[in-house]
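1. For reference, the sequence and a predicted model appear below.
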Amino acid sequence: METTVKKYTFRDFASDQEVRWCPGCDDYVILRSMQKALPEMGVRKEDVVFISGIGCSSRFPYYMDTYGMHGIHGRAPAIATGVKLANPELSVWDITGDGDSMAIGGNHFIHLMRRNIDLNMILFNNKIYGLTKGQFSPTSSVGQKTKSSPYGNTQPPFLAGELAIGSQARFFARIAGNMPKEMTDTLIAAEKFKGTSLIEVLQNCVIFNDGCFTEFTDKSVRDDRQLHVVHGEPMIFGKDRDKGLVLNGLKLQVVTLGEEGITEGDLLVHNAWEEDPTLHQMLVRLQFPLVTGIIRSFEDVTLEEREDALTAQVKANSDFTKTDDLFFSGETYTVE
């Protein structure tokens with residue numbers, strides 16, 4: 001079997017299909033970031049698979065010159081899981097949106113996180129149902145006016161990271177849809193991670209929810225309103241790099257360097273590898289600054305490793321060496 005990986009460029013992963021998203025949509029950034037990331041992942045083109053559900057994001061497999069499947073609403077995690085279990089050598093990517101993953105696909109989403117199978121999910125979050133023309137989604141803000149909530153949405157939103165980590169996610173990253181370099185780096189890190197990785201992209205919908213993350217992602221404010229965490233580095237932000245986070249009792253607190261004797265040494269240092277998710281959840285829930293980057297990256301035993309260990313144990317203690325031994329062993333058989 002050939003194991004050498006040829007040197008690819010982003011063009012090798014771009015299909016011949018016309019990309020049909022609205023002009024100005026952040027989906028274009030995600031697509032190009034992925035096409036640029038794949039050549040850096042060290043995987044063969046024929047070993048890459050994209051599985052999607054339903055929504056604007058789910059056109060993604062058409063635009064990648066790889067194997068792929070446009071699935072059904074909310075069910076991409078089940079299909080992706082089957083693909084990965086059938087061929088563990090594949091690099092499998094689940095492409096989904098906030099409605100596809102956390103409404104009709106909510107059960108599949110939480111169990112994918114819990115099982116920790118070695119695949120990747122990119123969640124395009126624009127706080128709206130875009131393909132069906134502007135209904136509120138599970139991540140829409142309270143008070144948000146949409147086609148299905150003309151007087152304002154009354155339902156509290158999910159935070160993708162909070163739901164994922166609460167479902168035992170081992171890898172969670174959040175990135176703005178207008179930060180292609182950071183997005184490319186995050187995609188590469190997700191592929192290298194052993195286990196389920198979730199990347200939430202804060203993606204602007206220029207037609208039905210324009211500006212949904214502008215207060216944090218606009219270039220004029222993002223340095224002052226985003227904290228991009230990096231494992232092993234102090235939690236510092238601001239255009240002048242003069243703000244940071246400390247733990248005050250059971251709450252995170254924003255402090256200014258130089259005030260009240262605060263120095264960089266007083267700031268929290270990000271530990272994405274920590275098994276205990278308590279601080280990771282606090283970072284996900286923090287309203288200001290908005291925390292982006294790889295928030296959690298704890299390597300744990302994968303589903304495949306557990307299944308392989310159990311299979312080996314059962315085989316070692318079994319009188320059966322092949323399926324026919326079971327079929328012709330009598331009218332009944334006993335599991336001990």
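-> Right, received. Where do you want to start?

2. Show me what V255 is bridged to.
-> G244 (DSSP bridges).

3. Can you give me every residue that contacts it?
-> Residues near V255 by C-beta atoms under 8 Å, 6 or more residues apart in numbering: K243, G244, L245, V246, I262, D266, L267. The C-beta positions use only the backbone N, C-alpha and C, and glycine is treated the same way.

4. how close does it get to S220?
-> Separation of V255 from S220 (C-beta to C-beta, to the nearest Å): 24 Å.

5. re the thing from before, neighbour count, pLDDT and distance to G130 added to the contacts of V255, as a markdown table?
-> Formatted as a markdown table, these follow (neighbours: other C-beta atoms under 10 Å; pLDDT from 0 to 100; distance: C-beta to C-beta, whole Å):
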| residue | neighbour count | pLDDT | distance to G130 |
| --- | --- | --- | --- |
| K243 | 20 | 98 | 34 |
| G244 | 23 | 98 | 36 |
| L245 | 23 | 98 | 33 |
| V246 | 14 | 98 | 39 |
| I262 | 16 | 96 | 43 |
| D266 | 13 | 97 | 43 |
| L267 | 19 | 98 | 38 |
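
6. Of these, just say which sits nearest to I95.
-> L245 (32.1 Å; C-beta to C-beta).

7. how about the residue nearest to the closest one when sequence neighbours are not counted, what does it touch?
-> Once flanking residues are discounted, L245 sits nearest to M235: 4.1 Å by C-beta to C-beta, 6 or more residues apart in numbering. By C-beta under 8 Å, 6+ apart, M235 lies in contact with L227, V229, G244, L245, L267, L268, V269, H270.

8. out of those, which one sits closest to P77?
-> Out of those, the member with the shortest distance to P77 (by C-beta to C-beta) is V229, at 26.3 Å.

9. does the closest one have beta-bridge partners, and which?
-> G293.

10. Can you give me the pLDDT of it?
-> V229 is assigned 98 on the pLDDT scale.

11. D325 now?
-> You'll see D325 listed with a pLDDT of 84.

12. Sticking with it, tell me its helix or strand.
-> D325 is part of helix 323-327 when elements are defined by DSSP states H and E.

13. Show me where the stretch 1-150 of the chain has its strands.
-> 48-52, 67-70, 91-97, 120-125 (DSSP state E, counting those that start in this stretch).

14. and the third one, which strands flank it?
-> Paired with strand 91-97 in the same sheet, following DSSP bridges, are strand 48-52 (parallel), strand 120-125 (parallel).

15. I295 should be in a strand, yeah?
-> Yes. Checked against DSSP: H, G, I helix; E, B strand; the rest coil, I295 lies within a strand.
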